[in-house]
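*Asks:* task: produce atomic coordinates for the following.
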Amino acid sequence: MKVILTSLLLISSLSALDQFTSSQVCQKCHPLIYKEYYQSQHRKASIFSDPIHKAVWDKHPLKKKGIYACAKCHTPNDKELITKLQKKEYPALPADTKAQREGVSCVSCHNIKSIQKHAKSNINIITKDKHTLYSARKSEKSNSDVTYKMQKSLFGFVTKESGSPYHNIDFTNELFYNGNVCIGCHSHKENAHKLQVCTSKISEHPNSEKENCITCHMPEVPGSFTTLKNSKTHRYHGFSGTIHKPNMLIKYLSIKLQKDANGFDIILQNSANHPLLLHPLRLGVLKISIQRGVETKELAPVTFVRIIGKNGHPAPPWVATEVLKDTQIQAKENRVIHFDKVLQSNDKVIAQFGYYIVNPKMAKKLNIQDSKATAFTLFKEEIFHVK
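*Replies:* Now for the predicted structure:
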C-alpha cells in the first residue's frame, strides 16, 4: 500500500505541467545515476551554481533589460520563467528557486519528444504526456508504453518486476539512440548578427547510433541503473567533459611523434565528431619538453583558440560579427605541429595536451576567480624515448 501511495504521488508530480519535478524524486529508484548527476554540469547549469555562466550573464546587456534568454537551456525546469520569455513578459529574470538551482533536471531531458532545428538555435519539444518518460533500451525499442508489472513464478516464490511503478517508459524515441536528444542545446548558438558564437559542427559529422554524444559523454560504466532491476552497467550520468571527468574522454585524442632530419612533428589526432574544444572561452595548450641527460628544455607552447570579434578586434558574443581566429583542432582532424629542434638518441620528449576552461585573458576581463576555471588542466600526456 505504501508503494502504491508513493507511486500515485510521484506520478501526480510528473503529470503537473506547471510544476517542477526535482531529480530527488528519481533518486529513490536510480540512486547511482542520481549520485553521478548531482556532480554534473547539467545540475550546475544555472547562474547560481556555475560561476562562469554567471560571469558572462553579469556582463550581458540583456540583464539590464530583464531578459534571461539563456533559460531554455540553462534553467528549463522553471516553467514560469520560460512562459514569461515566450510571451515577452519582462522582466523575466533568474531567481534563486529550487527549479533554477537544479539547472537541467532528469525530467528536463527525459521529456524531450523531438528537436526543432533553427538557424539561431535548436529548440527542445517537450512531450505533453507527463506520465511517460523517454529512454533507450535496444531490446525494447519497439515498445512505446511500458507500464509497471509484477509477475510471480515458481509457485509464487520468485517475483519479477518490469517497468517503473512511478512512470511509464517509451523506448521508441530515436533521439535517445542516436544522441540527437542533446542537440537541442548543444548544437549551435547564433547571435543577433547571424554569427555562430559557438557550434559543435554536428552537421559536418552527424550523430549515428554507433558514434554520438551519448556513446562518448555517457559511456557504459559498472553498476545497475535502477534498484528495481539488477543490471551490470548503466549510462554514466555525470556527463563527462572539460569540467567534469575529462579522463573519460582521453581515448578520443591521440598524440604521436615523428622525427626527421630537420626536427620533429607532434601529431594530434582528434577522433571525436566535433572540434576538440567547443566552448568559445576554452584555450587548448600543447606543452613540449625535451630531457637530454640531466637537462630539460621546455619549448614554446602551442595554443589552440577560437576568437570572435568585430572590426578586427575581439568582442563579446553579443557584439561579435566575425571569427578572427580559429586554430582549434577540428573533428576527425590530424593536426601536425612541427618543431625545428633536432632530436638525438636517448632524448626523452614529453608531450602534454591540456586546456584552460576559461582563457586567462578572458577570465581577467570577466573577473572570474574560480580556481578550477583559471588553472591549467592536463588532459593527456605521452612520453617518447628517441632511439
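*Asks:* in the chain, where is pLDDT below threshold?
*Replies:* 1-19, 152-159 (pLDDT under 70).
*Asks:* break it down into its domains, please.
*Replies:* Split into domains by automatic domain parsing, the chain comes to 2-43+104-235, 251-385.
*Asks:* can you put these in a markdown table and add distance to K64 and mean neighbour count?
*Replies:* Backbone N, C-alpha and C define where each C-beta goes, glycine included. Listed next are the domains of the chain as a markdown table, based on distance: least, Cβ to Cβ, whole Å; neighbours: other Cβ atoms under 10 Å:
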| stretch | distance to K64 | mean neighbour count |
| --- | --- | --- |
| domain 2-43+104-235 | 16 | 16 |
| domain 251-385 | 12 | 16 |
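*Asks:* out of the ones you listed, nearest to P76?
*Replies:* The closest of these to P76 is domain 2-43+104-235. By Cβ to Cβ, the value is 4.7 Å.
*Asks:* surely H193 and A320 touch.
*Replies:* Yes - at 6.9 Å, H193 and A320 qualify as touching, with contact defined as Cβ atoms under 8 Å.
*Asks:* just to revisit the earlier point, I'd like the domains of the chain as CSV, with distance to C70 appended.
*Replies:* Listed next are the domains of the chain as CSV, based on distance: least, Cβ to Cβ, whole Å:
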stretch, distance to C70
domain 2-43+104-235, 10
domain 251-385, 11
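*Asks:* which one of those domains lies nearest to K88?
*Replies:* Nearest of the domains of the chain (Cβ to Cβ): domain 2-43+104-235, 15.7 Å.
*Asks:* for the stretch 151-300 of the chain, what spans make up the helices?
*Replies:* Secondary structure of the stretch 151-300 of the chain (DSSP state H, counting those that start in this stretch): helices located at 175-178, 183-186, 213-217.
*Asks:* how far is the last one from where the chain is centred?
*Replies:* The reference is to helix 213-217. 9 Å (Cα atoms, centre = their mean, to the nearest Å).
*Asks:* what does stretch 140-153 give?
*Replies:* In terms of Cα atoms, centre = their mean, the centre of stretch 140-153 is found 31 Å from the chain centre.
*Asks:* run through who's touching that stretch.
*Replies:* 7, 132, 158-165, 168-172, 177 (Cβ atoms under 8 Å, 6 or more residues apart in numbering).
*Asks:* likewise for stretch 358-378?
*Replies:* Under Cβ under 8 Å, 6+ apart, the answer for stretch 358-378 is 51-52, 55-56, 59, 242-243, 246, 281-283, 285, 305, 352, 354-357.
*Asks:* strands of the stretch 201-350 of the chain, residue ranges please.
*Replies:* Applying DSSP state E, counting those that start in this stretch to the stretch 201-350 of the chain gives strands spanning 220-222, 233-235, 253-260, 263-270, 283-292, 295-298, 302-304, 306-310, 313-314, 322-326, 334-339, 348-356.
*Asks:* distance check, I267 against D260.
*Replies:* 12 Å (Cβ to Cβ, to the nearest Å).
*Asks:* cool, C73 as well?
*Replies:* Taking Cβ to Cβ, one finds C73 at 47 Å from D260.
*Asks:* start to end distance for stretch 322-331?
*Replies:* End-to-end span of stretch 322-331 (Cα to Cα, to the nearest Å): 21 Å.
*Asks:* list of residues touching it?
*Replies:* 195, 201, 204-205, 268, 270, 272-277, 282, 284, 303-310, 312-314, 335.
*Asks:* what does stretch 59-68 give?
*Replies:* For stretch 59-68, contacts defined as Cβ under 8 Å, 6+ apart pick out 57, 69, 75, 81, 85, 90-94, 316, 318, 366.
*Asks:* show the buried residues in these.
*Replies:* W57, A69, T75, L81, L85, A92, L93, P94, P316, L366 (16 or more other Cβ atoms under 10 Å).
*Asks:* doesn't the fifth one lie inside a helix?
*Replies:* Yes - the assignment for L85, made by DSSP: H, G, I helix; E, B strand; the rest coil, places it in a helix.
*Asks:* what sits against it?
*Replies:* Counting by Cβ under 8 Å, 6+ apart, L85 makes contact with I67, Y68, A69, A71, K72, A92.
*Asks:* helices - which of the residues you listed land there?
*Replies:* Within the contacts of L85, residues falling in helices by DSSP state H are A71, K72.
*Asks:* can I get the contacts of L85 in JSON lines with distance to Y148?
*Replies:* Output for the contacts of L85, formatted as JSON lines (distance: Cβ to Cβ, whole Å):
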{"residue": "I67", "distance to Y148": "43"}
{"residue": "Y68", "distance to Y148": "38"}
{"residue": "A69", "distance to Y148": "40"}
{"residue": "A71", "distance to Y148": "34"}
{"residue": "K72", "distance to Y148": "32"}
{"residue": "A92", "distance to Y148": "39"}
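*Asks:* tell me the secondary structure at the closest residue to I357 other than its chain neighbours.
*Replies:* The shortest distance from I357 to any non-neighbouring residue, by Cβ to Cβ, 6 or more residues apart in numbering, is to A373 (4.5 Å). Following three-state DSSP, the label given to A373 is helix.
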